[in-house]
Each structure stands twice: as C-alpha cells, then as structure tokens.
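S.K.: Dropping a prediction and its sequence here:
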Amino acid sequence: MRRNYGKYLIRTAIVAVVFAGVAVFVGSESFAQRAKPKPAEKKPVIPKVITLAQRAKLGRVTFNHVKHNGGEYNASGPITCIQCHHTARPAAELVNIPPHTLVWPKDRDTTLTAELFAEDPKKAAVAACRDCHARAGQKPKLLDAMPVIVDPDTKQETLITNEVAFHNACDVCHFEIGFRNKNTKAPTVTNCKSCHKR
C-alpha cells in the first residue's frame, strides 16, 4: 500500500505541475489578448498640402508641397527643398547666396533633400517657415530674434517676418516662371487673389 501511496503522490505532483503550467499559459495568453499592443511609431512624412497665411485679411494660401517638390512644378528645373528651406544646408554653402546666413541646426553638415528626409526625418532636421519667420511682433521658435536684412546702401533694416519671407520667396519664383512662360498657370505677383483665397 505504501508503494501505491508513493505513486499516488508522484502522479498528484505531476498533475499539479501540469495544471499549474496550463493555468500560467492560459492566464498569460488571456493577458496578452487583453493588453493593448504598442502603436507603431509614425514616421513623419512630407506634407502634401500646407495652408499658409491663415490669418491674412485677403484669405488663406494653399501651398501644394508635393507638386512643388515632386517635379510637377518647376522653375528652370526641379524645385529643390533648399530653395524654400534655405537654412537646411551646411554654412559653407550659404556663402554664395546672400543675404541668407543662418543654418539650422547650427552644426548642420547635410543638405536637405527629399531622399534624406525619407531615409531619416530626424537627421533631415527640417524647420518650418514659421519656425524662423514668425508673425510680426512674435519671437521665432528657433531663433533669438526675427531675421533682419540690412540694405548695404541705406543701412535700413527689414524684419523678415513670415509675410515678408513668403512674399519674397513665392513672388520671385512665380515672376521668373511668368517671365519665361506667358501661358503659365502659376500665380501672378500682381494679383493677390491668385494665391489668397477667402
């Protein structure tokens, strides 16, 4: 009888271990089913459309980012990222394009391209226009003060607010396109409503 009692204890122990294992497995499986999965980290993408001048009296401006940087629009060739994001290149490259002198970040050693952004958006380090060119009376997000251009002859200073920056950048490009192609559908610099829509 003692022998049978020993076998009984061993069988009971085995059953208990198996049962405990099943309980742990089932419990962990149901916990795994209840636990919310971690959301996949969203990788930044180049915005397709950007709305500018949201508070302008003449109305907002819809800027089709994809058509400008994707090749559908061009200005004597493809429009590169740094034509607008002029701070996104090493300082040595800015020597030839005055009055731009600011680089962001200050130790930048890459030139912004769509390929660089696609590879690693953080390394691309893209500043939005308003990060440096804030509204009049506001401090820019990335700079200590609003950028200023000084006229070499008159020494007059011009604050490069977002309004001034947008009009200078957009108007120069649109004027160039209109000068080369009279049949262009590009906005005209003399007609505010060709960009601004209420």
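M.R.: Nice, thanks for sending it over. Nothing here was measured: the structure is a model prediction, and the numbers come from that model. Numbering: from 1, shown residues only.

S.K.: Test for you: state the pLDDT assigned to the nearest residue to Leu116 once chain neighbours are set aside.
M.R.: Spatial nearest neighbour of Leu116, chain neighbours left out: Ala124 (4.8 Å); criterion: Cβ to Cβ, 6 or more residues apart in numbering. All C-beta atoms are positioned from the backbone trio N, CA, C, and that covers glycine. Listed pLDDT for Ala124 reads 89.

S.K.: just checking, Ala124 touches Thr110?
M.R.: Yes - look at Ala124 against Thr110 with Cβ atoms under 8 Å: they come within range, at 7.5 Å.

S.K.: okay, these two: which has more neighbours?
M.R.: Ala124 (21 against 13; other Cβ atoms under 10 Å).

S.K.: so what's the more buried one up against?
M.R.: 88, 110, 112, 116-117 (Cβ atoms under 8 Å, 6 or more residues apart in numbering).

S.K.: Selecting buried members of those residues in ChimeraX, what would you type?
M.R.: Selecting the buried subset of the contacts of Ala124 in ChimeraX, with 16 or more other Cβ atoms under 10 Å as the burial test, is done by:
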select :88,112,116,117
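
S.K.: Which neighbours do Ala124 and Thr110 have in common?
M.R.: What both Ala124 and Thr110 touch, as defined by Cβ under 8 Å, 6+ apart, is the set Leu116.

S.K.: which phi and psi does the closest residue to Ala88 other than its chain neighbours have?
M.R.: Leaving out its chain neighbours, the residue that sits closest to Ala88 by Cβ to Cβ, 6+ apart is Leu112, at 3.5 Å. Main-chain dihedrals, Leu112, degrees, to the nearest 10: phi -60, psi 130.
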